[in-house]
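Enquirer: Build me a structure from this.
(one chain, ligands or ions: 2)
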Amino acid sequence: MRVNLRGFDIRKLYLDEARQRAVLDDIRAVARAAPFFRPDTPMGRPMSVRMTAAGRYGWFSDRKGYRYVDRHPGGGDWPPIPDSLLAIWRDLVGDDRLPDCCLVNHYGEGAKMGLHQDRDEADFSWPVVSVSLGDDGLFRMGNPTRGGKTESVWLASGDVVVMGGEARLAFHGIDRIRGGSSRLLPKGGRLNLTLRVVD
Ligand SMILES: O=C(O)CCC(=O)C(=O)O
Ligand SMILES: [Mn+2]
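Expert: Residues are numbered from 1 along each chain as shown. Ligands and ions are numbered 1, 2, ... in the order given. The predicted structure follows:
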């Protein structure tokens with residue numbers, strides 16, 4: 001099923017269970033090479049989400065602000081973006097340009113992500129492609145400027161969202177996680193993978 005809400009192109013169950021498991025195995029390998037860490041917000045508070053990344057760039061945040069960085073905070077390179085994820089990008093966006101970052105967010109049961117725009121990339125003509133695995137997450141979609149009405153949708157395991165066009169700079173966030181709604185991750189929780197063209 002495919003739903004378009006405010007330019008957010010939502011593909012329900014884009015990945016069947018076998019493909020979800022294949023992506024999950026690849027993300028586990030990424031997390032072995034580049035362990036999850038918990039960044040601080042620029043306000044100095046720890047984020048509720050744990051993060052890591054694959055590709056030429058990962059993402060980092062501390063008191064100096066949010067930014068893309070070319071190394072894991074432990075000092076090593078980020079591992080390459082797994083082919084299982086590049087295949088999703090090729091299917092949905094094409095292969096004129098491949099993403100150079102796959103940001104990996106892990107949400108435990110109480111984790112959330114406040115409304116924000118993805119605007120640290122150089123070229124907004126490329127979409128951000130988001131892949132959800134594990135427990136359902138309540139995804140809120142707003143407008144290109146702060147404020148105004150929002151709409152929410154539960155993203156389930158295997159759902160993919162293409163944020164392009166008018167949705168590319170729209171505010172969005174995750175309000176809450178529905179614990180125990182998926183059995184994909186043995187310890188529960190939700191993984192969200194976002195593919196991005198950074199520069
Ligand atoms: O977890 C999600 O579905 C959204 C993640 C997100 O917006 C981000 O990482 O910038
Ligand atoms: Mn975002």
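Enquirer: now the residue located most distally from the centre of the chain, what's its secondary structure?
Expert: No residue in the chain sits farther from the centre than G148, which is 23.7 Å out by C-alpha atoms, centre = their mean. Following DSSP: H, G, I helix; E, B strand; the rest coil, G148 is assigned to coil.
Enquirer: is ligand 1 contacted by the longest helix seen in the chain?
Expert: In the chain, taking DSSP state H as the definition, the longest helix is helix 17-33. No. Applying C-beta under 6 Å from any ligand atom, one finds helix 17-33 separated from ligand 1 by no less than 13.6 Å. (Glycine included, C-beta is placed from N, CA and C.)
Enquirer: Report the distance from that helix to the chain centre.
Expert: Per C-alpha atoms, centre = their mean, to the nearest Å, the displacement of helix 17-33 from the mean C-alpha position of its chain is 14 Å.
Enquirer: avg pLDDT for that helix?
Expert: Throughout helix 17-33, pLDDT has a mean value of 98.
Enquirer: And for stretch 156-175?
Expert: Across stretch 156-175, pLDDT averages out at 98.
Enquirer: What residues of that stretch count as buried?
Expert: 156-165, 167-168, 170-174 (16 or more other C-beta atoms under 10 Å).
Enquirer: just to revisit the earlier point, going on from the longest helix of the chain, what's the next piece of helix or strand?
Expert: strand 50-55 (DSSP states H and E).
Enquirer: Next one: the helix or strand just after that following strand, is it in contact with ligand 1?
Expert: Per DSSP H and E, the first helix or strand lying C-terminal to strand 50-55 is strand 58-62. No. Using C-beta under 6 Å from any ligand atom, strand 58-62 stays clear of ligand 1, coming no nearer than 7.7 Å.
Enquirer: buried set for strand 58-62?
Expert: Quick answer for strand 58-62 (16+ other C-beta under 10 Å): G58, W59, F60.
Enquirer: Which parts of the protein are helices?
Expert: 17-33, 83-92.
Enquirer: can you pull the contacts of whatever residue of the chain ends up closest to ligand 1?
Expert: The chain approaches ligand 1 most closely through N192 (3.2 Å), counting by C-beta to the nearest ligand atom. N192 makes contact with V104, N105, Y107, S130, V131, S132, L133, G137, L155, I174, according to C-beta atoms under 8 Å, 6 or more residues apart in numbering.
Enquirer: what sits opposite it in the beta ladder?
Expert: Residues in a beta bridge with N192, per DSSP bridges, are N105, S132.
Enquirer: Repeat that for W154.
Expert: Taking DSSP bridges as the rule, W154 bridges to L138.
Enquirer: Relative to R50, how far out is it?
Expert: From W154 over to R50 the distance is 21 Å, taken as C-beta to C-beta, to the nearest Å.
Enquirer: do D95 as well
Expert: 31 Å.
Enquirer: who has more neighbours, these two?
Expert: Of the pair D95 and R50, R50 is the one with more neighbours under other C-beta atoms under 10 Å, namely 20 against 9.
Enquirer: Tell me which residues touch the closest residue to F171 other than its chain neighbours, please.
Expert: Take F171 and drop its neighbours on the chain: the residue closest to it by C-beta to C-beta, 6 or more residues apart in numbering is G142, 3.7 Å away. Counting by C-beta under 8 Å, 6+ apart, G142 makes contact with L115, G148, K149, T150, A170, F171, H172.
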